[in-house]
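S.K.: Requesting a structural model of the entry that follows:
(2 chains)
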Number of protein chains: 2
Amino acid sequence: MTPTGNEPTPGPPQEPTPTPESEGAQTPPRRRPGGRTARIRRQVLDAVLAELGEHGYDALTTDTVAARAGVHRTTVYRRWGDVGGLLADVLDAAGDDDWQPADTGSLEGDLTALNEEIQTALTAQPPVVTALIAASFRSEKAAEAQQRLWEDRYARCEIVVARAVQRGELPPDTDARQLLLAATAPPYHQLLLLRTAPDPQLPARAAKTAALAAAAGAFAKPRSTDGE
Amino acid sequence: MTPTGNEPTPGPPQEPTPTPESEGAQTPPRRRPGGRTARIRRQVLDAVLAELGEHGYDALTTDTVAARAGVHRTTVYRRWGDVGGLLADVLDAAGDDDWQPADTGSLEGDLTALNEEIQTALTAQPPVVTALIAASFRSEKAAEAQQRLWEDRYARCEIVVARAVQRGELPPDTDARQLLLAATAPPYHQLLLLRTAPDPQLPARAAKTAALAAAAGAFAKPRSTDGE
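M.R.: As a prediction, the model looks like this:
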């Protein structure tokens, strides 16, 4: 449930390796594991994360990223276009994993584990995840990629609700997405917007709140009269 | 509970009125109702809101604000310093009101009314409130003022919980702030971060979720062993 599954793992310094590109500009190819294209992509995206964590959005340019990644600036420019394109690809790459929510045996346990992951990501140093979310207020491309990532993460989390329904913890007509949003909203609200100090009790309390309300039917889907 | 109580109400166009200032620079005087200082402050802050709503943070400069407000640029520069100082004063001024949460007779009703106000503010056009919150990711001064405003608003809302305790709806040891944060986090999360379309059911559902959990004791304060 962390907004980015990939932590910044800047590799060893690389020699600059200018790479003439033949693909269409600004459409980063996805998933070519193992090849030079994939290796350069990883170097560049790691450099974005490292620069973002250390210096924030304002210092982020295609040139500083290229220098840190050890690739030619025209490679970065041609493949990603601009900072928004780089951030969008970082976020898209973060979704390219096999993350699944923890299976602890209870709804409250699963939601607590999820919120612990969120709280850990939002309080990590360097603050890469919060910097990415902040950047989504600056760049429309980053905002769209952040939305895609969250959509994918919340979709993967729906199994938590399905398991609770199977165990008989929840009514079968529970709206999984609404329950998940209610459970996970408090850590985001407090850490990103209100900027309060991390509260070690919050992940469990927000999970308990949502689980109690869900068991009481607060997230029952409306009767399907409009095709839902 | 709206982050800013003052909607942008740009006054009629004013002649430029250069005003030599004798106060110390960059410390906006607060609350001198009626005087020229107060009038100029209102003109300038209205101009900030109008510019922010129409053009967003990136186009905001002390010069454009001065021009729109019809005051001399040095007035703006001396009194507010920079864009961060202007935004901080807008947020501080927004807290200078007598806003109180609605008293509907039930906890769920009060929380629903609160969330309706939040949802209305976050979906208003022009998007002044969301632009101010977005700006708090850009300017440390604005971030601090936004935190002050939220702290004040949440403090004012605690009466909602006190009334529910008096009515016997809630256990007396309910942590008001935690309940309020849980109730109001979902609209902020969905509209500001996830950027989903406004859900007309959300204000009531989030209120119901928090009220159900609160009645079940989810927000009981810990036994005071550490001075709390």
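S.K.: Please count neighbours and contacts with C-alpha atoms only from this point.
M.R.: Will do.
S.K.: Show me which parts of stretch A:174-190 are buried, residue by residue.
M.R.: Residues of stretch A:174-190 classed as buried by neighbour count (16 or more other Cα atoms under 10 Å in any protein chain shown): A:174-190.
S.K.: Please apply the same query to stretch A:54-66.
M.R.: For stretch A:54-66, the neighbour count (16+ other Cα under 10 Å) marks A:56, A:57, A:60, A:62, A:63, A:65, A:66 as buried.
S.K.: from the residues you listed, which are also near chain B?
M.R.: The subset of those within reach of chain B, by Cα under 8 Å from any Cα of the partner chain, is empty.
S.K.: List the ones among those residues that fall in strands.
M.R.: Secondary structure defined by DSSP state E assigns none of the buried residues of stretch A:54-66 to strands.
S.K.: Would you mind listing what in chain A touches chain B?
M.R.: A:133-134, A:137, A:147, A:150, A:181-182, A:185-186, A:188-190, A:193-195, A:205-206, A:208-210, A:212-214, A:216, A:218-219.
S.K.: please redo it, this time with the cut-off set to 6 Å
M.R.: A:182, A:185, A:186, A:189, A:209, A:212, A:213, A:218 (Cα under 6 Å from any Cα of the partner chain).
S.K.: where along chain A do the helices fall?
M.R.: With DSSP state H as the criterion, chain A has helices at A:36-55, A:62-69, A:73-80, A:83-94, A:107-122, A:128-135, A:140-166, A:176-188, A:202-215.
S.K.: just for chain A, where's the confidence low?
M.R.: Low-confidence segments of chain A, defined by pLDDT under 70: A:1-33, A:224-228.
S.K.: let's see it at 80
M.R.: Scanning chain A for pLDDT under 80 picks out A:1-34, A:223-228.
S.K.: Among the buried residues of stretch A:54-66, which one sits closest to residue B:116?
M.R.: Set against residue B:116, the nearest of the buried residues of stretch A:54-66 by Cα to Cα is residue A:57 (33.3 Å).
S.K.: What sits closest to that closest one if chain neighbours are left out?
M.R.: Once flanking residues are discounted, residue A:57 sits nearest to residue A:135: 6.3 Å by Cα to Cα, 6 or more residues apart in numbering or on different chains.
S.K.: What is the neighbour count of the one you found?
M.R.: The number of residues packed near residue A:135 is 26, by other Cα atoms under 10 Å in any protein chain shown.
S.K.: re the thing from before, want to throw the helices of chain A into a markdown table with distance to residue B:123?
M.R.: Listed next are those as a markdown table, based on distance: least, Cα to Cα, whole Å:
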| stretch | distance to residue B:123 |
| --- | --- |
| helix A:36-55 | 30 |
| helix A:62-69 | 34 |
| helix A:73-80 | 32 |
| helix A:83-94 | 25 |
| helix A:107-122 | 26 |
| helix A:128-135 | 20 |
| helix A:140-166 | 17 |
| helix A:176-188 | 18 |
| helix A:202-215 | 25 |
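S.K.: and of the ones you listed, who's closest to residue B:35?
M.R.: Using Cα to Cα, those put helix A:128-135 closest to residue B:35, at 39.2 Å.
S.K.: in that closest one, what's buried?
M.R.: Under 16+ other Cα under 10 Å, the buried positions of helix A:128-135 are A:128, A:129, A:130, A:131, A:132, A:133, A:134, A:135.
S.K.: Just the angle for it relative to helix A:176-188, thanks.
M.R.: Angle, helix A:128-135 to helix A:176-188, by axes from the mean of the first three to the mean of the last three Cα atoms, to 10 degrees: 100 degrees.
S.K.: tell me what helix A:128-135 is packed against?
M.R.: Applying 3 or more Cα pairs under 6 Å, 6 or more residues apart in numbering or on different chains; DSSP states H and E, we find helix A:128-135 packed against no helix or strand.
S.K.: Would you mind writing the CA trace of that helix as CSV?
M.R.: Extracted as CSV, the C-alpha positions of helix A:128-135 are listed here (Å, rounded to 0.1, in the frame of the first residue of the first chain):
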residue,chain,number,x,y,z
VAL,A,128,10.9,10.1,-1.2
VAL,A,129,7.2,9.1,-1.0
THR,A,130,6.1,12.4,0.4
ALA,A,131,8.2,14.3,-2.2
LEU,A,132,6.5,12.3,-5.0
ILE,A,133,3.1,13.1,-3.6
ALA,A,134,4.0,16.8,-3.2
ALA,A,135,5.3,16.8,-6.8
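S.K.: Run the chain-centre distance for it.
M.R.: In terms of Cα atoms, centre = their mean, to the nearest Å, the centre of helix A:128-135 is found 10 Å from the chain centre.
S.K.: Could you do stretch A:189-199 as well?
M.R.: On Cα atoms, centre = their mean, the centre of stretch A:189-199 falls 18 Å from that of its chain.
S.K.: Make a markdown table out of the buried residues of helix A:128-135 and add distance to residue B:113.
M.R.: Shown next, in a markdown table, are the buried residues of helix A:128-135 (distance: Cα to Cα, whole Å):
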| residue | distance to residue B:113 |
| --- | --- |
| A:128 | 36 |
| A:129 | 33 |
| A:130 | 30 |
| A:131 | 33 |
| A:132 | 33 |
| A:133 | 29 |
| A:134 | 29 |
| A:135 | 32 |
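S.K.: ok, residue A:112 touching residue A:209?
M.R.: No: look at residue A:112 against residue A:209 with Cα atoms under 6 Å: they stay out of range, at 10.5 Å.
S.K.: residues touching residue A:222, list them.
M.R.: By Cα atoms under 6 Å, 6 or more residues apart in numbering or on different chains, the contact set of residue A:222 is empty.
S.K.: next one: phi and psi at it?
M.R.: phi -60, psi 150 (degrees, to the nearest 10).
S.K.: quick one: it from residue B:195, how far?
M.R.: According to Cα to Cα, to the nearest Å, residue A:222 and residue B:195 sit 23 Å apart.
S.K.: now residue A:223
M.R.: Here residue A:223 is placed at a distance of 26 Å from residue B:195 (Cα to Cα).
S.K.: Show me which of these two is the more surrounded one.
M.R.: Set side by side, residue A:223 and residue B:195 show more neighbours around residue B:195, with 14 against 9, by other Cα under 10 Å.
S.K.: and stretch A:84-100, how far out from the chain's middle?
M.R.: Here stretch A:84-100 is found 7 Å from its chain centre; the criterion is Cα atoms, centre = their mean.
S.K.: do the same with stretch A:160-168
M.R.: 25 Å.
S.K.: which of the residues in it are buried?
M.R.: Of the residues in stretch A:160-168, A:160, A:161, A:162, A:163, A:164, A:165 count as buried by neighbour count, 16+ other Cα under 10 Å.
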